[in-house]
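next one to model:
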Amino acid sequence: MKTTFNLKVFIPSFIFMIIIGALGMWVPEKMKATLDVAQQFTFSHFSWFYILAVSLFLAFLIVLIFSSLGDIRLGADDEDPEYPFFSWVAMLFAAGMGVGLMYFGVAEPMMHYASPITEDNIAKNAMLYTFFHWGVHPWAIYGTMALALAFFGYRYRLPLSLRSTFYPLLKDKIHGAAGHVIDGFGLLATVFGIVTTLGFSAIQLNSGLQNIGLVSEIGFSQQAIIIVIVTSVAILSAVSGVGKGVRRLSEMNLLLALALMLFVLFAGPTVKLLATFAENAGYYISHLTEISFRTFAYDDAHQGWFTGWTILYWAWWASWAPFVGLFIARISRGRTVREFVMGVLIVPTAFSLLWFTIFGNSGIYLNELSGGVLAELTSKPEILLFKFLEFFPLSSVSSFVAMVILALFFITSADSGIIVLNNIASGGSSKPTPKWQSVLWGVILITMAIALLRTDGLGAVQAVTLLVALPFVVIMVGMCVSLMRGLRSDARYFSQKLNAGSVFWSGDRWKQRLNQILHQTQEDDMENFFKDVVRPAFETLRAELVSKHQLQVTVNRIDEPEMAMELIIEKGQWRNFLYGVKVQTSKAHEALKEESALPGLTKTVVHEPFTYFGDGRVGYDVQYMSKDELIADILKQYQRYLNLMHSEDLALIMKAPIDGENI
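Presented below is the predicted three-dimensional model:
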């Protein structure tokens, strides 16, 4: 049977999923007890790590915006973006849509409002914490993953796989056990992240079907049937070649979701909602740093709220990072790092804030008008959206539209999830995926979702996601280190200038130049270079300056801490002109010793003559210069020095003493 699976990644992950699924089906009570203990242990010992890690991802991306590394392009330097700007923004906007906004749009603000953790500004703080969970932080997680995938995929031309993001740290080891572990944890995190979403979708669809009278109750059996039916449609899409049609349905679904949002905006208190959006955004931005690091370490009474909301959210977002990150990476080729980060952090976040303002503040407003009707339903968040829509005209139509949106989000999430899982399990392989693999992933998603819902409903799904996401967040922290190393290496590579001595090259001495390039200079070579080039150049120029121009010039030989020679032209009141050459030792890459294509490069330590100057400027390599070329280079630096002496603005620098000398 043909397969694209990397079996060293797939088989261990598959065995783990079988164990979890079997325990959930056969011993749900013991499974629940075990998950409860593991979840509480994670909450008690690692909540702080989740908080710091996610804040690190956000800080990391913000630093890149203001750093020169932001100029790096995700692709070749001359590569244009694959998609026009507004199309790209629209796709980022689409990435911000999903089941979560439908499930929590009304429910989360209302739940924070009905059970406040602060005594003042209850409504405003309910929106603040909702924004915190759905604002810039989840997109920092997705953005970190997407940037790493895009950078190493389009800049390094590595496969779009998780292991590729560790290339600067692991080099070729990404193809071995370390790479398998990275992909394995990413695979498990993605499976349970998708399963969590399927669980939310099934429960809310069950509620919607009951609301319009198509089912009699909300329960496990109904939810299991919904999962089987909807995921089967996604499997059919994945194996039958109707994926293009599903994508069109997805685009239509986005328009339906926008239409529903605008309907609520204009049928509700429009002006009040727009005013609260502005105030909510300002309140969120002003409190962003404080809430980003809040662990409630001084407030034990709210530890349960903190772990049950923030930590579970961070785990959920981390488990979705490969899913969303791969999508964003695929549409972002040709963008600069700065443009990419700003787009990913701003566009989806702004839309999320608008969505939650319209649905959340409308819910709070209607709850106050109705005497607390919606607040009484916070123990059943899956029905809040439909009860909320009953306050609006055409409630049966809007509820039906909400049902359609949920069903289509369910289908597209499962369909896209199958594609991403195939990608991770195949190591980013570009080979066509056998149909049976897509069917297998669909069956796995159905089985895992039903097994965990049977164990403890959404609680079991979230608990497993929390546990699996923890090691993956550790991996993502390492990914940040690897990405920073890759970006800095890239910046150094593309900023590397031609050797200063090469400006004097001409074609008549090309063989000599070639021999110099392919020879690794050692200490003996430096002795010869100073004897044959540096000293003769310095002494010849000194003789000319003293005899014909009556200047005071000295030439000094220095042996410690490294071999060096200086030519100094004294200038009285002004800083003396100093042109020096010193031996600089550097390490060559170990791989050079084993590179058969370059047999002359066998040393791991190289000695090179670099210039240095009295004003502390960075020097450059002069090993390829002849005596006359070195003299010409000294004269260029001396001309610069004389030109600077004529500037009033630079007198402070030009008159500054060197090493304590008198002005």
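
other residues contacting the longest strand along the chain?
Using DSSP state E to define each element, the chain has its longest strand at strand 577-587. With Cβ atoms under 8 Å, 6 or more residues apart in numbering as the test, strand 577-587 has contacts from 523, 526, 530, 534, 558, 562-569, 571, 604-614, 622, 634, 637-638, 641, 658. Placement of C-beta: from N, CA and C, glycine included.

quick check: buried residues in stretch 478-486?
Buried residues in stretch 478-486, counting neighbours by 16 or more other Cβ atoms under 10 Å, are found at 479-480, 482-484, 486.

what of stretch 150-160?
In stretch 150-160, counting by 16+ other Cβ under 10 Å, buried: 150-155, 158-160.

thinking again about what came up before, report the buried members of the contacts of strand 577-587.
By 16+ other Cβ under 10 Å, these give 526, 530, 534, 563-569, 571, 606-612, 614, 622, 634, 638, 641 as buried.

now, those residues that are in helices?
By the criterion of DSSP state H, membership of the buried ones among the contacts of strand 577-587 in helices covers 526, 634, 638, 641.

quick one: residues contacting the last one.
This points to Tyr641. Contacts of Tyr641 (Cβ under 8 Å, 6+ apart): Phe577.

ok, now how distant is it from Phe577?
As for Tyr641, its distance to Phe577 is 5 Å (criterion: Cβ to Cβ, to the nearest Å).

now do the helices in the stretch 451-600 of the chain.
Secondary structure of the stretch 451-600 of the chain, counting by DSSP state H, counting those that start in this stretch: helices at 458-495, 510-517, 523-529, 535-549.

quick one, which of these is packed in tightest?
Neighbour counts (mean count of other Cβ atoms under 10 Å) averaged over each of those peak at helix 458-495, with a mean of 19.

so what does that one touch, helix or strand wise?
helix 28-66, helix 136-150, helix 167-170, helix 177-211, helix 312-331, helix 435-456 (3 or more Cβ pairs under 8 Å, 6 or more residues apart in numbering; DSSP states H and E).

and the nearest residue to Ala140 once chain neighbours are set aside, what pLDDT?
In space, and not counting its chain neighbours, Ala140 is closest to Leu58: 3.8 Å by Cβ to Cβ, 6 or more residues apart in numbering. The per-residue pLDDT reported for Leu58 equals 98.

just Glu590 next, same as before
58.

residues contacting the residue of the chain positioned farthest from its centre?
The centre of the chain is farthest from one residue, Ser547, which by Cα atoms, centre = their mean lies 64.2 Å away. Residues in contact with Ser547 (Cβ under 8 Å, 6+ apart): none are found.

state the pLDDT value of it.
Per the predicted model, pLDDT is 94 at Ser547.

repeat that for the one 10 residues further on.
At Arg557, the predicted lDDT confidence score is 94.

which residues does the nearest residue to it once chain neighbours are set aside form beta bridges with?
In space, and not counting its chain neighbours, Arg557 is closest to Met565: 5.4 Å by Cβ to Cβ, 6+ apart. Beta-bridge pairing for Met565 (DSSP bridges): Arg557, Val581.
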